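Asks: Sequence below, structure please.
(one chain, ligands or ions: 3)
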Amino acid sequence: MRIVIHSGLVIDPANNLEKVTNVVINDDKIELVGNTNGLSIDKEIDASGLVVCPGFVDLHTHLRDPGFTKKETIQTGAAAAVAGGFTSICCMPNTNPLIDNELTVSYITNKASSLNICDIRPIGAITKNQEGKQLCDYLSLKSAGCIAFSDDGKPVSDANLLYTALIYTKNNGDFIFALHEEDYSLSKGGIINEGKTAFGLGLKGIPSLAESSMIARDIEILRAVKDARLHICHVSAKESIALLKNAKKEGLNITFEVTPHHLALTEEEAYNYNTYAKVNPPLKSKEDLESIIEAFKQDLVDAIATDHAPHELDSKNVLIQDASFGISGLETAFGVVNTYLVKKNLISLFKAIELLSTKPAKAFKLDAGKLTEGSLANIVLLDPNKEWVVDSNNFKSKGKNTPFNLKTLSGNIEQTIYKGKTVYRR
Ligand SMILES: NC(=O)N[C@@H](CC(=O)O)C(=O)O
Ligand SMILES: [Zn+2]
Ligand SMILES: [Zn+2]
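Replies: Ligands and ions are numbered 1, 2, ... in the order given. Predicted coordinates for the structure are as follows:
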């Protein structure tokens, strides 16, 4: 079966391509990008007015399954992913049981292959039961299919534990440690960012120092170990950006991601005790947001990752002190990035697509995020100019918890193709 997607603006950062041309799919693969002369075509997709680009890659998704299926299941999470243009997602281990054993890995990969609508790559835990006491068996988790390791939701508070994990793995291949950076002694009891909004609302704040001091510590650990590889999750503070800029300049093997909500919103979103704006790390000040934008302009950011954290509304429709931390993010990611970065002329659409596909794939060494001939036909058709009003009731995700609800976004996913088959159409 040969399908040609014609008349669209093809943006493929992996091959430095941006032009109106054809993308030819043959069964599950990309046969070619360019001229279709002499080819017999079975089916045509008219992409006039649309952008055709690689399926997006999310390095940070919470699927909640096994264990917390009232928040999300692998099925609803995967449906949300493809509705958001993601054809590869990496799922965090804070499930129940946790992804700290091969059985849970195979539960997820089996579900993923029976659904067959997007790649689902498990991230294993760094410590057993995420208790921060005992290292997991990284070799066997890796051979079972884990592509990185993280205790996300929690920091690795014990410096010696992280140090040991890096030393143990460094001569055994590529092990990526994705870190949730938070010093509990500084963040404990905090609800939103420490600053004007928290003060005005009478809420205990979480200082930026809770994030940046841990990043500083872990850069030191990385420097001490050398050949190890760190990835910093959901970076939100200007102090953290400054540290990471220097670490990169120095040549340390470190990457970092920024979420759509941290590049678009500030702590003021929590005005009125809005629990939908309660997230970890907290939404920060205008100055932090400006330093994140500057990091994008300077090409320092390695990935935009959703930190899709679906929660049932019962855990959000309570006092802000008691509400869960987290934002459901898969289905608004492109719209938010396009509205708050591209439409404001802060970065180009090409760069935005690169940060959602090619760069994250590169950071986690995934065979994805490109329209190269012979690679799997994981493709998104999007309308960068289409305006829409977010209505979380229409989300495929069970998680309706978003501070973007009822906001107008520009840029919509029209169609998502996975291994040559349409898995989502608006
Ligand atoms: N981001 C959040 O606010 N919540 C995440 C955990 C995390 O990413 O740290 C969750 O699992 O709900
Ligand atoms: Zn986290
Ligand atoms: Zn997370």
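
Asks: residue contacts, the closest residue to ligand 3 within the stretch 101-250 of the chain?
Replies: Nearest residue of the stretch 101-250 of the chain to ligand 3, counting by Cβ to the ion: Asp152, 4.4 Å away. In this view, the C-beta of every residue, glycine as well, is placed from N, C-alpha and C. Contact analysis of Asp152 by Cβ atoms under 8 Å, 6 or more residues apart in numbering lists 60, 92-94, 123, 178, 180, 233.

Asks: Can you pull the phi/psi pair for it?
Replies: Dihedral angles of Asp152 (phi, psi; degrees, to the nearest 10) stand at phi -50, psi 140.

Asks: Could you check the helix or strand that contains Phe296 and say which residues are buried?
Replies: Assessed by DSSP states H and E, Phe296 sits inside helix 286-297. Buried residues in helix 286-297, counted by 16 or more other Cβ atoms under 10 Å: 288-289, 291-293, 295-296.

Asks: quick one, what contacts Glu354?
Replies: Glu354 is in contact with Pro13, counting by Cβ under 8 Å, 6+ apart.

Asks: The one 10 residues further on too?
Replies: With contact set as Cβ under 8 Å, 6+ apart, Phe364 has these partners: 57, 59, 90, 121, 147-148, 176, 231.

Asks: what's the closest of the contacts of Asp152 to ligand 2?
Replies: Distances from ligand 2 to the contacts of Asp152, taken as Cβ to the ion, are shortest for His180 (3.5 Å).

Asks: Leu222 versus whichever residue of the stretch 301-426 of the chain sits closest to ligand 2, what's the distance?
Replies: Proximity of the stretch 301-426 of the chain to ligand 2 (Cβ to the ion) peaks at Asp307, 6.5 Å away. Per Cβ to Cβ, to the nearest Å, Asp307 is found 22 Å from Leu222.

Asks: do the same with Leu366
Replies: Separation of Leu366 from Leu222 (Cβ to Cβ) stands at 22 Å.

Asks: and what of Ile192?
Replies: Distance from Ile192 to Leu222, counting by Cβ to Cβ: 30 Å.

Asks: Same check on Leu230?
Replies: Distance from Leu230 to Leu222, by Cβ to Cβ: 5 Å.

Asks: Show me whatever sits in contact with both of these two.
Replies: Residues touching both Leu230 and Leu222 (Cβ under 8 Å, 6+ apart): 252-254.

Asks: a markdown table please, covering the residues you listed and showing secondary structure.
Replies: Converted to a markdown table, the shared contacts of Leu230 and Leu222 look like this (DSSP: H, G, I helix; E, B strand; the rest coil):
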| residue | secondary structure |
| --- | --- |
| Leu252 | coil |
| Asn253 | coil |
| Ile254 | strand |
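
Asks: Out of the residues you listed, who's the most crowded?
Replies: Ile254 (22 neighbours; other Cβ atoms under 10 Å).

Asks: could you measure that one against ligand 2, distance?
Replies: 17 Å (Cβ to the ion, to the nearest Å).

Asks: now do Gly49
Replies: Gly49 is 38 Å from ligand 2, by Cβ to the ion.

Asks: Asp383 is in contact with that residue, correct?
Replies: Yes. Under the criterion of Cβ atoms under 8 Å, Gly49 makes contact with Asp383 at 6.9 Å.

Asks: More neighbours: which of these two?
Replies: Applying other Cβ under 10 Å to Gly49 and Asp383 shows that Asp383 carries more neighbours, namely 19 against 13.

Asks: Could you pick out the residues of this structure near ligand 3 for me?
Replies: 152, 307 (Cβ under 5 Å from the ion).

Asks: and the helix or strand hosting Ala247, what does it pack onto?
Replies: If you go by DSSP H and E, Ala247 is part of helix 238-249. The contact analysis (3 or more Cβ pairs under 8 Å, 6 or more residues apart in numbering; DSSP states H and E) places helix 238-249 against helix 209-225, strand 254-258, helix 286-297.

Asks: In the protein, which residue is most central in space?
Replies: Closest residue to the average C-alpha location of the chain: Ala305 at 2.1 Å, with Cα atoms, centre = their mean.

Asks: What is the helix holding Phe296 packed up against?
Replies: Short answer (3+ Cβ pairs under 8 Å, 6+ apart): helix 286-297 packs on helix 238-249, strand 254-258, helix 260-264.

Asks: mind checking which of these is nearest Asn160?
Replies: Between Asn160 and the helices and strands packed on helix 286-297, the tightest spacing by Cβ to Cβ is seen for strand 254-258, at 19.7 Å.

Asks: And the closest one, what does it pack against?
Replies: Looks like strand 254-258 contacts strand 230-232, helix 238-249, helix 286-297, strand 303-304, helix 358-363 (3+ Cβ pairs under 8 Å, 6+ apart).

Asks: Alpha carbons of the last one, as PDB, please.
Replies: The C-alpha atoms that make up helix 358-363 are tabulated as PDB, following Å, rounded to 0.1, in the frame of the first residue of the first chain:
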ATOM      1  CA  THR A 358      14.000  15.500  16.600                       C
ATOM      2  CA  LYS A 359      15.700  16.800  19.700                       C
ATOM      3  CA  PRO A 360      13.900  14.700  22.300                       C
ATOM      4  CA  ALA A 361      14.500  11.600  20.200                       C
ATOM      5  CA  LYS A 362      18.200  12.500  20.100                       C
ATOM      6  CA  ALA A 363      18.400  13.100  23.800                       C
END
